[in-house]
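[1] no sequence on this one, just coordinates:
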């Protein structure tokens, strides 16, 4: 695991550097996992129809996944790659087209064919699987299945797999850039005294052979790492939110003895949704409902089924991540993980190297929620506090094509970058419309970080290209060196990328545009110059 000096580690949707670091000498396996290879680039997933049955005593799972897809370019005798990580095994692979042979090689199933496939043709592959999946040692910071018990000794099972990948348990096309356009259906099979909770809406429940079968349906595209079964002694209660797109069903599944606590704590959901709809636009999954599911770990942003494990406390398990006290006014997991419904689930990065698209915006959503829920002064204070967590160890953007993420600074430094950009725009309504526009124009899409950068530049009318380079691609913090002599202020930038264009406001009214060369301006009076703390830059008076 990465080592950090933080007193608190986030898990995510939350975790600063939650996953094992990849070595710089990436392997063929890394490329197969992280790239749109020749085994992936000719077919597009349309739907997953899967079943899963976890066995608590054996810590094993069995199931199958029917993968429906469309051919997107003409190919001859292609090989399909289905991902399924060891020690899970494919017991049977069949398709509605002839398979010459298939073999499981490490974490992959390669399906060989001997025929022509034409663009537009539709097929399906069905994989029956079983095994003892990787067990998460410290979920959600490291990935894998969780087999534990609740406080009354009842079995409690789930999985966290954002970093390690959904293929840690499910045969799938495990690359962020390909989501099933038509959603998925998941059957969760449980003992008769337990409940299975999945993403989306519960469309059927029945009992067969002394077992319960819960069928859940998601109609929207969904990233594979968001497909999560939960099994436990759950009870359910419901509510309704009247939002921008009408009536939104709120669905809550909690361990039975926590029902009263949940009914009280989850009252924060409506103010949260109201704030985020104001800033980001309508909740992106009205047709699939909004759900909180109590989980045996801290939390994760599973689409339309947000994992909640914050012990029904405000803050981050009773502490304030920002160190300012502001965060004790609301439940961190409800706010942060729900923020991911817009950034991570609605707008998903194509490559883990651009995971900042998920985490920078979502950590900044905490600031925006605070502003709407409390006031702007509290929001600014919270934003300043987040900076204390920045390490500037390695750049925020990771290596592309090898399932590698950059620095955990994607959270606080990414949020600080957005707060800085907001100051430069200097028009909160325009900034809000940019955020809403992102979620409208990239609705239910996967994107590159570059697309997001260009969108902000285009819609703001400001060239932020060097600002993105500064904060995303280097570990340098811009430093404004200055000398004041009465009303005269002399200044320059150091520790910056070439030609950084980052104007700042001084004395609450005067804009300066520092470069790496000394400049001089005259201020209205000789009082000590006042700098705006909302820019993530350092100020250094020199002689």
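    Everything's here; your move. Because the structure is a prediction, the values reported are computed rather than measured.

[2] residue contacts, residue 489?
    482-483, 506, 512, 520-523, 529 (C-beta atoms under 8 Å, 6 or more residues apart in numbering). Using the backbone N, CA and C atoms, a C-beta is placed for each residue, glycine as well.

[3] can you tell me which of the residues you listed is closest to residue 149?
    Nearest to residue 149 among the contacts of residue 489 is residue 506, at 58.6 Å by C-beta to C-beta.

[4] so that closest one bridges to which residues?
    Beta bridges link residue 506 to residue 510, residue 531, judged by DSSP bridges.

[5] what's the pLDDT at it?
    At residue 506, the model reports a pLDDT of 97.

[6] circling back to that earlier point, which of the contacts of residue 489 lies closest to residue 257?
    Checking those against residue 257 with C-beta to C-beta, the nearest one is residue 506 at 56.3 Å.

[7] that closest one contacts residue 528, doesn't it?
    No - applying C-beta atoms under 8 Å, one finds residue 506 not in contact with residue 528, separated by 10.8 Å.

[8] could you check which of the two is surrounded by more residues?
    residue 506 (19 against 9; other C-beta atoms under 10 Å).

[9] what sits against that one?
    Shown in contact with residue 506 (C-beta under 8 Å, 6+ apart): 489, 512, 523, 529-532.

[10] those, buried ones only, as a ChimeraX selection?
    Only the buried entries of the contacts of residue 506 go into this ChimeraX selection, using 16 or more other C-beta atoms under 10 Å:
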select :489,512,523,529,531
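
[11] looking at the contacts of residue 506, spot the one nearest residue 538.
    Out of the contacts of residue 506, the member with the shortest distance to residue 538 (by C-beta to C-beta) is residue 531, at 10.0 Å.

[12] how about that closest one, what does it touch?
    So residue 531 contacts 480, 504, 506, 539 (C-beta under 8 Å, 6+ apart).

[13] before we move on, what about residue 207?
    Taking C-beta under 8 Å, 6+ apart, we find residue 207 in contact with 192, 213.

[14] and it, what element?
    In this assignment (DSSP states H and E), residue 207 forms part of strand 201-208.

[15] could you give the average pLDDT over that strand?
    pLDDT averaged over strand 201-208 gives 98.

[16] quick check: angle from whichever helix or strand comes after that strand to strand 201-208?
    Per DSSP H and E, the first helix or strand lying C-terminal to strand 201-208 is strand 211-218. Counting by axes from the mean of the first three to the mean of the last three C-alpha atoms, to 10 degrees, strand 211-218 lies at 160 degrees to strand 201-208.

[17] ok so, going back, what's the closest of the contacts of residue 506 to residue 320?
    Once C-beta to C-beta is applied, the member of the contacts of residue 506 that ends up nearest residue 320 is residue 532, at 23.5 Å.

[18] surely the closest one touches residue 504?
    Yes - with contact defined as C-beta under 8 Å, residue 532 counts as touching residue 504 (6.5 Å).

[19] what touches both of these two?
    Listed as contacting both residue 532 and residue 504 by C-beta under 8 Å, 6+ apart are residue 423.

[20] how much space separates the closest residue to residue 332 other than its chain neighbours from residue 323?
    Among residues not flanking residue 332 along the chain, residue 316 sits closest, at 4.3 Å (C-beta to C-beta, 6 or more residues apart in numbering). From residue 316 over to residue 323 the distance is 11 Å, taken as C-beta to C-beta, to the nearest Å.

[21] pick out whichever of the two has more residues nearby.
    residue 316 (23 against 16).

[22] thanks a lot, see you next time.
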